[in-house]
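Student: Pasted the sequence and its predicted model underneath.
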Amino acid sequence: MADQAAPERPLTLEEKKAAARERARAAREAQQQGAGAGLEVTDAAAQYIAQCADREGMAHAVRLRIHAGGCSGLEYSIDLVAQGEQAEPSERVIESNGVTVFLDLKSAIYVSGSVIDYTTSLMRRGFVIKNPNATSTCSCGDSFGV
């Protein structure tokens, strides 16, 4: 899906449903093969998460969720996880670059194959999620559409 060109017209509801079914199928296959969701945490993001977690007395772990909202329809939510906190039964646990990511199955469908990065620049500081499933994003990068 990552190398598909964006359509020149808006997707129909049926096309969006078909794409969602394909993402769900791919996520189920990845889970059956023992893979995470194909989610990667970069060195920069892992270092920032570790610094924040150490400062707050939290685990080197985050909970990533996708919620309805934002400019493009869906938005990311990343929260630190308390020491000793276990994943919910409906969550998948992904280890990447020394960081544990708790990811509910519904969110996994939307972020399969994504890379979580952290950037610091003159104009912006924060997480940047490179999501191959997003068909549209807002200008700030905090929300996306599928």
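Tutor: It's in.
Student: Give me the buried positions along the lengthiest strand in the chain.
Tutor: Longest strand in the chain, counting residues (DSSP state E): strand 58-68. Along strand 58-68, these residues count as buried under the neighbour rule (16 or more other C-beta atoms under 10 Å): Met58, Ala59, His60, Ala61, Val62, Arg63, Leu64, Arg65, Ile66. Where you see a C-beta, it was placed from the backbone N, CA and C, and this is true even at glycine.
Student: what's across from the fifth one in the sheet?
Tutor: This means Val62. Assessed by DSSP bridges, Val62 has beta-bridge partners Leu80, Val101.
Student: Next, the contact list for it, please.
Tutor: Contacts for Val62 (C-beta atoms under 8 Å, 6 or more residues apart in numbering) come out as Ile49, Ile78, Asp79, Leu80, Val81, Val99, Thr100, Val101, Phe102.
Student: Now list the buried members of the residues you listed.
Tutor: Ile49, Leu80, Val81, Val99, Thr100, Val101, Phe102.
Student: Look up the pLDDT of the nearest residue to Ala68 once chain neighbours are set aside for me, please.
Tutor: Closest residue in space to Ala68, ignoring its immediate chain neighbours: Leu74 at 6.3 Å, by C-beta to C-beta, 6 or more residues apart in numbering. pLDDT, Leu74: 80.
Student: likewise Cys140?
Tutor: 59.
Student: Name the residue closest to the centre of this structure, please.
Tutor: Nearest to the geometric centre of the chain sits Val111, at 4.2 Å (C-alpha atoms, centre = their mean).
Student: Could you pull up phi and psi at Lys106?
Tutor: Per-residue torsions, Lys106: phi -70, psi -40 (degrees, to the nearest 10).
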